[in-house]
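> Starting from these lines, generate the structure:
(2 chains)
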2 protein chains.
Amino acid sequence: MKIYVDGMGGDHAPFEIVKGCVLAAEEYDVSITLIGKQEELQKELWKYQYDKNKINIVNASEIITNDDEPALAIRRKKDSSMVKGMALVKENNQSVLISAGNTGALLAGGLLRIGRIKGILRPALAPVIPTKMGVSLLIDAGANADCKPQNLQQFALMGSIYMNKVIGIELPRVGLVNIGAEAQKGNELTKNTYELLQNTNINFIGNVEARDIPYGVADVLVCDGFTGNVILKLTEGLATFILHSLKEEIFKSARGKIGGYFLKPSLQSFKDQFDYSEHGGAPFLGVKGGLIKAHGSSDANAIKNAIRQGIVYLQQDVATHIEEEIKNLYANREED
Amino acid sequence: MKIYVDGMGGDHAPFEIVKGCVLAAEEYDVSITLIGKQEELQKELWKYQYDKNKINIVNASEIITNDDEPALAIRRKKDSSMVKGMALVKENNQSVLISAGNTGALLAGGLLRIGRIKGILRPALAPVIPTKMGVSLLIDAGANADCKPQNLQQFALMGSIYMNKVIGIELPRVGLVNIGAEAQKGNELTKNTYELLQNTNINFIGNVEARDIPYGVADVLVCDGFTGNVILKLTEGLATFILHSLKEEIFKSARGKIGGYFLKPSLQSFKDQFDYSEHGGAPFLGVKGGLIKAHGSSDANAIKNAIRQGIVYLQQDVATHIEEEIKNLYANREED
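As a prediction, the model looks like this:
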């Protein structure tokens, strides 16, 4: 088992990335390879005391930035930390690459450099979003803007396996994101997906309306990547906006300030609920080995959690389970 | 000018609906017709002192409930308050029907019983959502689950006219809801819509990401009805969820309770921002005359505000402006 970490990706690279690796090496029994500019990474590592056997560096001279055009960068920047990490995962499928870098490049690279699990039509980005009950997995959150019902069926299966194996939910409730509760509601895509999901070996609980998402009505939220991206970003934007507005209201008056003082722990505990760093990154499910997209603004703690997530992903052999379930899906169909 | 109000639609009908009409009659120079079960409405009206010349009743023996199948109800329940109201609007296009009843039935009835403005391919439901800057109009929010670029172009035009004429924004900023800022980002629909919007007589500001919606980055948010419905419901659900969770946090500890006491005015002022009743209802833009969907949970104040909205809609002659702009849109195209 091997964890590769893109040392140069993310808003706070390499400082927070390297620190996250050191924290993970302290806490977990794991071998981590940092990929990036040798000198820079080494300089960061020197700041810490850590088990030298658990972290090593692979040099990569280039960096894919957020300004790079994704597909182009993946093709041209062959000596970038991201592309090199992908090559390493391709060589050894018992490994995971974690990157907080350019999301588009990561998705393009997952397809072009690592490749899909046999039978998977389209891999999908699957972040978790915070809910009243804990978290829900949102799949797809932006890898596939246009989808067919067969894609959503595979997303449902992959999401269900992930929530079972990595998050430990026995029989994950899979909901189809839709604009009405009844089976016949929705657009062409969701109407046609509904029946497919009923005939898939998952715990399909039917349609889920966006209004109920924050309450944790499903463990896996299935949707096309356009809808998922809107849900992910709106949740993030609205939570930030509401907390900021609340702060503003508090500081408007003396009375508000007193209240704010007493409420500080409550507000903090509340804010923590919406803290993405606690939940690791978003797995790009359906590619060989493993690929995890950490939030661009990841701090050391977020990277540490993404590493833990990568470890469980490999321990539980998620990719193999996906391959087998997809095989079963189509085997069953041929019997029909 | 005539305001028709469905006296039987909504969770708090007829009590709050009738009270809302009485409030509006007090405040505005307007003639209101309540439609519904004569006896019930009359009994409610007797509770108030009001100018008898400003409110009258038209009897309707049936009610379309939320359990009714929309299209079926519109066809069969010919003596329902909703269908009767629509017949009255069809007779006189200088009128508006306001209903807090079954949304699906209202949309179906708008098409079947009132009819589209000439040139409009698909009318669209256009509620406002609260933002940092005030409100943004979301069009379409659920009338058309599957859309073509030409539909979105018309939504953009109608939304722009509405925000200009009814809300009074001089040059409404029209944004296309998308999953990236760049022109080439998105799904097939948004990619093909982008160019159309560039060539439409509106103030098109480009793509808007869901993350930025709460900050009020656009006055008009254009999207298909599936995406719009997800945005509307998620905004509503998340705001409610966050305020509830915050309350829970506050009541968990003595310290929290003290803070909550001092913060009460701040929290209330904040809650008011997300109060839908302040903003009237959602116009169903593109039908003849006017049709306004008030929130199902509308109280008297929400109904009063929807009536005010209906008055401005008619005073500003929104339907005629839409018809003219749509005519211009295609006239220009022929010149190309």
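> mean confidence score for stretch A:317-327?
When pLDDT is averaged over stretch A:317-327, the result is 97.
> Only the C-alpha atoms, please, for it, written as PDB.
The C-alpha coordinates for stretch A:317-327 follow below in PDB (Å, rounded to 0.1, in the frame of the first residue of the first chain):
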ATOM      1  CA  ASP A 317     -10.100  -2.500  -1.700                       C
ATOM      2  CA  VAL A 318     -12.800  -0.200  -3.000                       C
ATOM      3  CA  ALA A 319     -11.600  -0.300  -6.600                       C
ATOM      4  CA  THR A 320     -11.900  -4.100  -6.700                       C
ATOM      5  CA  HIS A 321     -15.300  -4.000  -5.200                       C
ATOM      6  CA  ILE A 322     -16.400  -1.500  -7.800                       C
ATOM      7  CA  GLU A 323     -15.100  -3.700 -10.600                       C
ATOM      8  CA  GLU A 324     -16.900  -6.800  -9.300                       C
ATOM      9  CA  GLU A 325     -20.200  -5.000  -8.700                       C
ATOM     10  CA  ILE A 326     -20.100  -3.500 -12.100                       C
ATOM     11  CA  LYS A 327     -19.400  -7.000 -13.600                       C
END
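> which parts of that stretch are buried?
Across stretch A:317-327, burial judged by 16 or more other Cβ atoms under 10 Å in any protein chain shown covers A:318-319, A:321-323, A:325-326. No exception for glycine: its C-beta is placed from N, CA and C like everyone else's.
> Neighbours of the closest residue to A:G36 other than its chain neighbours, how many?
Once flanking residues are discounted, A:G36 sits nearest to A:G7: 3.2 Å by Cβ to Cβ, 6 or more residues apart in numbering or on different chains. By the criterion of other Cβ atoms under 10 Å in any protein chain shown, A:G7 has 31 neighbours.
> same thing with the one 3 residues further on?
The burial count assigned to A:G10 is 25, neighbours taken as other Cβ under 10 Å.
> so where's the longest helix in chain A?
Ordering each helix of chain A by length in residues (DSSP state H) puts helix A:225-252 first.
> what's the angle between it and helix B:225-252?
Relative orientation of helix A:225-252 and helix B:225-252, computed by axes from the mean of the first three to the mean of the last three Cα atoms, to 10 degrees: 40 degrees.
> quick one: is helix A:225-252 near chain B?
Yes - contact of helix A:225-252 with chain B (Cβ under 8 Å from any Cβ of the partner chain) involves A:225-227, A:229-239, A:241-242, A:245-246, A:249-250, A:252.
> And for stretch A:274-289?
No - Stretch A:274-289 lies apart from chain B when judged by Cβ under 8 Å from any Cβ; the minimum separation is 8.6 Å.
> ok now that stretch, how far from the chain's centre?
Relative to the centre of its chain, stretch A:274-289 is centred 2 Å away, using Cα atoms, centre = their mean, to the nearest Å.
> Just the CA trace of it, in PDB.
Written as PDB, here are the backbone C-alpha positions of stretch A:274-289 (Å, rounded to 0.1, in the frame of the first residue of the first chain):
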ATOM      1  CA  PHE A 274     -19.400  22.800   7.800                       C
ATOM      2  CA  ASP A 275     -15.700  22.400   7.900                       C
ATOM      3  CA  TYR A 276     -14.700  20.500   4.800                       C
ATOM      4  CA  SER A 277     -11.200  19.700   6.100                       C
ATOM      5  CA  GLU A 278     -12.600  17.200   8.600                       C
ATOM      6  CA  HIS A 279     -13.900  15.000   5.900                       C
ATOM      7  CA  GLY A 280     -10.800  14.500   3.800                       C
ATOM      8  CA  GLY A 281     -11.200  15.000   0.000                       C
ATOM      9  CA  ALA A 282     -13.400  13.900  -2.800                       C
ATOM     10  CA  PRO A 283     -12.600  10.500  -4.300                       C
ATOM     11  CA  PHE A 284     -12.700  10.300  -8.100                       C
ATOM     12  CA  LEU A 285     -14.500   7.000  -8.100                       C
ATOM     13  CA  GLY A 286     -14.200   4.700 -11.100                       C
ATOM     14  CA  VAL A 287     -10.500   5.200 -11.900                       C
ATOM     15  CA  LYS A 288      -8.000   2.400 -11.200                       C
ATOM     16  CA  GLY A 289      -6.100   2.600  -7.900                       C
END
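> Tell me which residues of it come out buried.
Buried, per 16+ other Cβ under 10 Å, within stretch A:274-289: A:274, A:276-277, A:279-289.
> In helices, which of those fall?
Reading helices off the buried residues of stretch A:274-289, I find no matches (DSSP H).
> among those, which two are most distant?
A:F274 and A:K288 (32.6 Å; Cβ to Cβ).
> residue contacts, A:A282?
A:125-128, A:141, A:292-293 (Cβ atoms under 8 Å, 6 or more residues apart in numbering or on different chains).
> From those residues, pick the one nearest B:Q309.
Taking the contacts of A:A282 together and measuring to B:Q309 by Cβ to Cβ, the closest member is A:A141, at 36.1 Å.
> returning to what we had before: which two in the contacts of A:A282 are spaced the farthest apart?
Spatial extent of these (Cβ to Cβ) is set by the pair A:A141 and A:I292 at 13.2 Å.
> The two: which has the busier surroundings?
It is A:A141, of A:A141 and A:I292, that has more neighbours when counted by other Cβ under 10 Å, with 28 against 23.
> What residue, apart from its backbone neighbours, is nearest the more buried one spatially?
A:G228 (4.0 Å).
> Isn't that neighbour up against A:N144?
No - using Cβ atoms under 8 Å, A:G228 is not in contact with A:N144; the gap is 9.0 Å.
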